[in-house]
Structure formats: C-alpha cells, structure tokens
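Asks: task: produce atomic coordinates for the following.
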Amino acid sequence: MNRKSIFKIFMIAAALPLMFASCSKKENKETVKQDEVIKVQVEQVSVQEIDQIYDFTSTIEPMYKNYISSAGGTRIEKIYVEVGDRVSKGQTLVRMENTNVATAQAQLDNLGVELARIKALYQSGGASKQQLDQLQVQYDVAKKNIANLKENITLTSPISGVVTMRNFDNGDVSGSSPILQVMQISPVKLKFSVNESFYSKIKVGMAVTAKVEVFGDEVFSGKITLISPTIDPTSRTFYVEAQFTNANQKLRPGMFGRAELNLGRANTILVSDKAIVKQNGTNDKYVYVVNEDNTVDYRQVTLGRRLDDKYAVLEGLNDGDKVVVSDYNKLKKGAKVTVVK
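Replies: Numbering: from 1, shown residues only. Here you go, the predicted structure:
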C-alpha cells in the first residue's frame with residue numbers, strides 16, 4: 001500500500017465521527033418537532049335547559065285561490081276588474097255574451113206554451129199521461145240548461161280577495177281556460193315540513209312566529225291550523241300548515257319566509273362559538289376536544305340554533321368535554337397540548 005492510499009483511509013476514518021454526529025443532531029431535532037407541545041385555551045361544555053326553538057323554511061301562500069272561468073266557452077263581453085283590484089264575495093267580475101241564452105230562452109218559452117196546451121188536453125182527455133210526462137221532462141231540462149247558461153254569463157267572485165291574474169281581454173273567446181284568478185290574502189298560510197321525531201310535540205293551535213326576507217326582523221304571529229295525518233316514508237317528515245291573520249296584508253303570496261316553533265324546554269349541550277372549526281368547501285363543523293392524555297381529537301358536530309356566543313349541539317359532544325377555543329389552526333388530530341389560561 002502506497003503513501004497516497006494510506007492518506008485517503010486516514011481522511012475517511014476522521015470524517016466518519018462527524019457524519020454520525022450530524023445525523024444524530026438532525027434526528028434529535030425532528031424528534032423535538034414531533035413532540036412539540038402546543039399551548040391552547042379550553043372551555044368545558046355543559047348541559048343547560050333552554051327553549052327548543054326550530055326554524056322551518058317556507059313560502060307564503062294565499063288562504064284560498066280561485067280561477068274564474070266560463071263553462072259555456074263563449075265570447076267575453078266585458079271584464080270589470082284589473083290585476084291588483086280588491087274584490088268582494090259575490091261581486092261581478094266578467095260578463096259573457098248572451099247569444100246562447102237568448103236562443104235557449106226562446107226554446108224554453110215555446111216548450112212552456114206547448115206544455116200548457118198538453119195539460120189542458122190531458123184534463124179534457126185529449127192527451128195521454130205519457131205525452132204530458134215527456135213534455136214536462138223536456139221543459140225541466142230546458143229550464144235547467146238556461147239556468148246554467150245564465151250562471152256562466154255573469155261570473156262573480158266566490159271569495160273576497162285580490163285579482164292576481166288576467167288572461168284575456170274584452171272580445172276574446174276564453175274556451176275552458178281561466179279568465180281571472182282571485183286570491184284571498186287575509187289571512188294567509190305557511191306550509192312547511194317537520195321531522196317525524198317532533199310529531200307528538202306539535203299540536204293544532206300552537207303559536208307560530210314567522211319572518212320574511214323583505215321585512216327583515218319584523219315578526220308575524222300565527223297559529224297551527226292543520227297537521228298532516230301521515231308521514232312521508234321517503235323524507236321521514238310530515239307537513240304542517242300555519243295561518244296568519246295578515247290584517248295589514250303585508251304578507252304576500254310567493255314571499256320566502258321562515259316559520260319558528262318553540263317546542264318547550266329541554267337539556268341541551270352548549271359550546272362556545274370560538275371552538276367551531278369550519279371545513280373549507282363544505283358545511284361541516286368540527287371542534288378539537290382535549291383528551292385525558294392531553295392529546296386532541298378532531299370531532300365533527302351537528303349544531304342547532306345560536307344563543308348569543310354559544311351554539312346548541314345536537315350531536316358530537318358530551319357533557320363535560322373540554323374543547324379548544326384558541327390556536328386551533330396549529331392543531332391536528334393527535335397533537336399534544338398544554339392548557340393555559
């Protein structure tokens with residue numbers, strides 16, 4: 001072995017301890033990073049008795065909605081109202097042409113004369129009972145027919161309300177299509193679906209409040225007037241109808257609204273809003289719960305309504321759980337923490 005080879009061996013032997021020392025330091029550094037303890041603040045969730053208030057989305061509907069049309073399908077002679085007009089029950093809305101009525105009236109008059117003649121003959125023995133009965137039937141049918149025609153000549157409103165639709169003008173032939181639509185908007189009603197778990201708690205006459213977007217926080221008061229007797233097997237819900245007097249007629253059909261029901265008081269877990277973690281791209285909500293070994297668990301929760309700075313928790317937490325309310329952006333499931341005030 002020459003002197004050059006001996007020198008290389010010497011240099012390698014000298015470098016090995018330095019390499020091992022460097023690796024050891026890197027390993028120690030990573031270990032320290034993995035075992036880093038994050039300082040957090042926590043709050044303990046608790047059970048409290050609160051009002052069980054639930055919101056249900058809905059759309060304002062008229063109490064009644066009627067379509068005004070003529071069974072005769074004749075030409076429209078005159079429409080007396082416009083969209084937006086307020087009408088009273090029994091008020092004349094439309095008059096149809098009476099050409100058919102005039103013809104039918106002439107036929108009825110002729111049948112009346114003939115019936116009187118047959119009756120006289122029958123009394124004197126000049127006509128049979130069968131002849132009299134046949135003509136009497138013809139007269140009664142003609143009389144009923146003209147009554148129906150007259151009913152379809154003058155079209156009146158069956159309710160007090162507002163004209164909300166007009167499909168024709170004077171002189172048009174309406175056929176079987178509705179000429180007008182009238183809605184009763186005082187009162188109005190809200191229909192909404194409720195989870196079947198509340199079926200035994202909701203009663204007819206129960207108070208309901210509602211808000212509509214166009215009127216902000218203004219509250220309207222009503223009562224439940226109808227509860228569906230069946231449950232939808234697909235959605236596991238049943239529909240409820242609530243009625244609102246709407247004396248000032250501010251509520252209008254088609255408005256988007258939210259009905260609110262108070263189903264009594266019950267024990268509910270409350271959690272600070274500072275503990276809620278929202279997952280990006282979803283509506284899922286999570287909290288970090290501190291375990292007994294000072295590690296954290298990333299737990300999904302189902303929230304109810306908000307009460308000041310707290311949320312009611314429907315699922316996901318237990319009474320006494322300690323939840324992180326600070327620095328949770330630094331955390332991940334299983335991270336070690338130390339609790340500070």
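Asks: where does pLDDT dip in the protein?
Replies: Residues of the chain meeting the criterion pLDDT under 70: 1-35, 72-73.
Asks: from the recorded domain assignment, give the ranges for it.
Replies: Following automatic domain parsing, the chain resolves into domains at 38-48+267-339, 55-62+186-265, 70-95+154-178, 98-152.
Asks: what ranges do the helices span in this protein?
Replies: In the chain, the helices defined using DSSP state H lie at 3-34, 99-124, 129-151.
Asks: what does the shortest one rub up against?
Replies: Contacts to helix 129-151, defined as CB atoms under 8 Å, 6 or more residues apart in numbering, come from residues 71-72, 98, 100-101, 104-105, 107-108, 111-112, 114-115, 118-119, 122. Using the backbone N, CA and C atoms, a C-beta is placed for each residue, glycine as well.
Asks: quick one: that helix to helix 99-124, angle?
Replies: Put simply, helix 129-151 runs at 160 degrees to helix 99-124, going by axes from the mean of the first three to the mean of the last three CA atoms, to 10 degrees.
Asks: could I get the domains of the chain as JSON lines with mean neighbour count?
Replies: Conversion of the domains of the chain to JSON lines gives the following (neighbours: other CB atoms under 10 Å):
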{"stretch": "domain 38-48+267-339", "mean neighbour count": "15"}
{"stretch": "domain 55-62+186-265", "mean neighbour count": "15"}
{"stretch": "domain 70-95+154-178", "mean neighbour count": "16"}
{"stretch": "domain 98-152", "mean neighbour count": "14"}
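Asks: what about stretch 75-86, how long is it end to end?
Replies: By CA to CA, to the nearest Å, the extent of stretch 75-86 from end to end equals 25 Å.
Asks: again, but for stretch 37-49
Replies: Stretch 37-49 end-to-end distance (CA to CA) = 36 Å.
Asks: if I look at residue 221, how far off is residue 150?
Replies: Between residue 221 and residue 150 the computed distance is 45 Å (CB to CB, to the nearest Å).
Asks: ditto for residue 126
Replies: Shown here: residue 126 relative to residue 150, a distance of 35 Å by CB to CB.
Asks: ok, residue 161 next?
Replies: Residue 161 is 24 Å from residue 150, by CB to CB.
Asks: so who does residue 332 touch?
Replies: When contacts are counted by CB under 8 Å, 6+ apart, residue 332 is found next to residue 298.
Asks: roughly how far does it sit from residue 312?
Replies: In terms of CB to CB, residue 332 sits 27 Å off from residue 312.
Asks: same question, residue 160
Replies: 44 Å.
Asks: now residue 245
Replies: 31 Å.
Asks: from the contact counts, what lies against the strand ranked longest in the chain?
Replies: When every strand of the chain is counted residue by residue (DSSP state E), the longest turns out to be strand 46-68. Contacts defined by 3 or more CB pairs under 8 Å, 6 or more residues apart in numbering; DSSP states H and E place strand 46-68 against strand 161-166, strand 180-195, strand 256-272, strand 296-307.
Asks: redo those strands as JSON lines? Include distance to residue 42.
Replies: Shown next, in JSON lines, are the helices and strands packed on strand 46-68 (distance: least, CB to CB, whole Å):
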{"stretch": "strand 161-166", "distance to residue 42": "58"}
{"stretch": "strand 180-195", "distance to residue 42": "33"}
{"stretch": "strand 256-272", "distance to residue 42": "10"}
{"stretch": "strand 296-307", "distance to residue 42": "10"}
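Asks: great, nothing more from me.
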